[in-house]
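**Student:** how does the following fold in three dimensions:
(3 chains)
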Amino acid sequence: MELEKFRYEGFDKAGLRSLFDELEFKNLLRELGDGGGAAEKPDENRTVPYDDYSLILTEDGLDRVIRRIKETGEVSIDLETTSTDPMLAEIVGIALCPAPHEAYYVPVAHRSLADSSTRQLGLPAVLGKLKPLIEDENLRKIGQNIKYEFVLLEMYGLGLNGISFDTMIAAHMLDSSRISYSLDELCRLYLGHSMISYKDVTGTGKSKINFEEVELEAAKVYSCEDADVAMLLARKLSRELEELGLLRVYRDVELRFIEVLARIEINGVKVDAGKLRELSKEFEAGLKDIEKAIFEEVGYEFNLNSPIQLRQVLFETLRLPQKKLTKTGESSTDVEVLNDLSKFHPVPEKVLEHRTLSKLKSTYVDALPRLINPRTGRLHTSFNPVGSSTGRLSSSDPNLQNIPIKTAQGRRIREAFIPEEGYMMLSADYSQIELRLLAHFSGDESLIEAFMTGSDIHNRTASEIFGVTPDLVTPDMRRLAKNINFGIIYGISAFGLAKQLGTSVSIAKSYIDEYFKRYGKVRDYIEKSISDAKSKGYAETILGRRRPIPELASDDRNRKGFGERTAMNTPIQGSAADIINIAMIRIHERLASGFKSRMILQVHDELLFEVPEDELDVISRMVREEMEGAWKLSVPIVVEIGTGKNWAEAH
DNA sequence: CATCTCACG
DNA sequence: ACGTACGTGAGATGC
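**Tutor:** I've put the predicted structure just below:
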């Protein structure tokens, strides 16, 4: 009740203070050793208590907390820091929750203490006391996105062992379709409670203060609530996982995967900043030349990066035909349109060249060096394990899963990704993992046969569709078959295929018909995926991760169509993700047994390693073995391995 | 902060 | 008749 009142009235300092005065009394009782809430039987059906939280300002206090954690055998941890990037963050305070409704806040770097007589414990002393507990694998650690704590504690020389629950990961496994997996969102959903938001304690905009400036009492309530809610959610979500039979996979795969990702993030990848600087100059000169040519052609200067200005130039000044509209009804100037307009005028092609170069320069060449960690001299991405609804990872700050490769200029950026001195890059790629899963799931004899014999799958598909022997398949036929194979995985439609191929819908339709004549069980499988998802309400992967698809029940043709494509694509894309995750866990564990080699990136179906030359052979074999053996399918799983002095060479 | 565009699998 | 390929993140522009 107090919480609700506090929230609705906004951040009222006076009101907050009286609330805190009341709480302070209980804290005092606890400090005096009356037992407080700890001795009472906590009512787990309450939402968030808010009254059994204590500030820890003394060594004795901290010792009591540590005893409590040892008593309960578990602790939910929430660190307050100076940065969302755990590689750069400094600890401001630590919330520890050893049991539901009982939490403690240990400030270590707050600036505004209650009064001059208030002293907080120093960070070295606190970490010194907590280290044995944090490293004790028999004390269960609970958290919301605990990879953050793992990476950050590692920066302080503490190894976080005994991760027993991550609420974010659990919620994603139960329902990967959510937009947000924030603690606040999960708390609202599963506990029916709105939490104090970060903004409530720090303010926003101009008057925003850093967490170090937040008063101890406000920091305590905010931070302890986070730790407490994670503890409460862990119990709730654990029951849900158990009911669905997912607890084992959750523990054996999802939880273990956290540490693998943390290690990759900590390892980071080296980039040749000098090489990128050279590329920047070169691209700059190229952009200038293209600009000049375009401005001469058009007759005046404008901002090529502005779609609005470009629209005016192409469709008003040059009077070129308008091909398609954007979502908001404006004339599109995207790559498809510009390619098409290239046959009428020299400018569109030049604009495309400019776009490509400008994109590469701003997004990669100029941006990446700024993100090099000054301590390590390397790039450390952040992998988000709940970043997609299929179960794939996403990567950000920087995104290292979309480094260019398709064009020659792009590959030059990849050349700047280099191994440490004395090491080589090793890249291991799953070959056609999604089509192999399609063969496995559908049981289609033709598709299985193609993979059993190790043939070029697109060539094989082309030969089937066009009714010629594989040696008579032309590059055009193969390209078309490749598009169909992709289309099948995406949830094919004649319209989509036609657009991709640049043919008519009726021609695309005839290709699809021919495909399904040859691969009949693929059609059956697609239909079964959709009907299964319809009856269950969700699609699932080989590990049982669930993606609800409410669109399947929609009356809207588009929404329903989207739902159907989702129903057939998710088990394939998601299971491919499951398989590489399993491989990564095994490889991580084997690397830990005395190798110098490091796993440094995952790009959906590729793993990148930094390997000392004398480990190349053994690591190649080990990586292949673990990737190919991660899951048993009815067709072989094949991995292609390359090595080189940079990422471009290794790929 | 939305829009457009484009980098990747 | 209608609109559709699956999954992401980021930079630049302009309100």
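**Student:** what separates the closest residue to A:Glu90 other than its chain neighbours from A:Glu217, distance-wise?
**Tutor:** Counting by CB to CB, 6 or more residues apart in numbering, A:Glu90 lies nearest to A:Thr82, which is 4.6 Å off, once chain neighbours are set aside. In short, each C-beta sits where N, CA and C put it, glycine included. According to CB to CB, to the nearest Å, A:Thr82 and A:Glu217 sit 20 Å apart.
**Student:** next: A:Asp78.
**Tutor:** 17 Å.
**Student:** okay, the two: which has more neighbours?
**Tutor:** Set A:Asp78 next to A:Glu217 and count neighbours by other CB atoms under 10 Å: A:Asp78 wins out with 29 against 20.
**Student:** from what I see, that one and A:Ala95 are in contact.
**Tutor:** Yes - using CB atoms under 8 Å, A:Asp78 is in contact with A:Ala95, at 4.3 Å.
**Student:** who are the contact partners of A:Val638?
**Tutor:** A:Tyr430, A:Ser431, A:Gln432, A:Arg436, A:Gly454, A:Glu628 (CB atoms under 8 Å, 6 or more residues apart in numbering).
**Student:** can you pull the pLDDT of it?
**Tutor:** Looking at A:Val638, its pLDDT stands at 98.
**Student:** swap in A:Leu113?
**Tutor:** pLDDT, A:Leu113: 76.
**Student:** to what extent is it buried, counted in neighbours?
**Tutor:** Using other CB under 10 Å as the criterion, A:Leu113 is surrounded by 14 other residues.
**Student:** secondary structure element for A:Leu79, which one?
**Tutor:** strand A:74-81 (DSSP states H and E).
**Student:** contacts for the following helix or strand past that strand next, please.
**Tutor:** Sequence-wise, the next helix or strand downstream of strand A:74-81 (DSSP H and E) is strand A:91-99. When contacts are defined by CB under 8 Å, 6+ apart, strand A:91-99 is touched by residues A:38, A:42, A:65, A:68-69, A:71-72, A:74-82, A:103-110, A:123, A:126, A:130, A:142, A:152, A:156, A:211-212, A:219, A:223-224, A:226-228, A:230-231.
**Student:** ditto for stretch A:458-474
**Tutor:** By CB under 8 Å, 6+ apart, stretch A:458-474 touches A:446, A:450, A:455-456, A:477-478, A:480-482, A:484-485, A:511, A:514-515, A:518-519.
**Student:** in helices only, show me those residues.
**Tutor:** Within those, residues falling in helices by DSSP state H are A:446, A:450, A:477-478, A:480-482, A:484-485, A:511, A:514-515, A:518.
**Student:** the residue nearest to A:Glu90 touches A:Arg111, doesn't it?
**Tutor:** No - A:Thr82 lies out of contact with A:Arg111 (CB under 8 Å); the separation is 11.4 Å.
**Student:** mutual contacts of these two, please.
**Tutor:** Joint contacts of A:Thr82 and A:Arg111 (CB under 8 Å, 6+ apart) are A:Glu212.
**Student:** that older thread, now a PyMOL select for only the buried ones of the contacts of stretch A:458-474.
**Tutor:** Here is the PyMOL command that selects the buried residues among the contacts of stretch A:458-474 (16 or more other CB atoms under 10 Å):
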select buried, chain A and resi 446+450+477+478+480+481+484+485+511+515+518+519
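**Student:** list just the nearest of the contacts of stretch A:458-474 to A:Asp605.
**Tutor:** A:Asn485 (14.7 Å; CB to CB).
**Student:** quick one: mean pLDDT over stretch A:583-601.
**Tutor:** Mean predicted lDDT for stretch A:583-601 stands at 98.
**Student:** get me the contact residues on the stretch 551-651 of chain A for DNA strand B.
**Tutor:** Within reach of DNA strand B by CB under 7 Å from any atom of the strand, the stretch 551-651 of chain A has these residues: A:Gln573, A:Val603, A:His604, A:Asp605, A:Glu606.
**Student:** just those that are near DNA strand C?
**Tutor:** Within these, those near DNA strand C by CB under 7 Å from any atom of the strand are A:Gln573, A:His604.
**Student:** top of the residues of the stretch 551-651 of chain A next to DNA strand B by number of neighbours, please.
**Tutor:** Neighbour max across those (other CB under 10 Å) = A:Gln573, 22 neighbours.
**Student:** you'd agree that residue is up against A:Thr390?
**Tutor:** Yes - using CB under 8 Å, A:Gln573 is in contact with A:Thr390, at 4.3 Å.
**Student:** how close does the residue of the stretch 451-600 of chain A found nearest DNA strand B sit to A:Ser388?
**Tutor:** Per CB to the nearest atom of the strand, A:Gln573 is where the stretch 451-600 of chain A lies closest to DNA strand B, at 6.3 Å. The spacing between A:Gln573 and A:Ser388, counted by CB to CB, is 9 Å.
**Student:** cool, and A:Leu152?
**Tutor:** 24 Å.
**Student:** now do the phi/psi pair for A:Ile600.
**Tutor:** phi -120, psi -20 (degrees, to the nearest 10).
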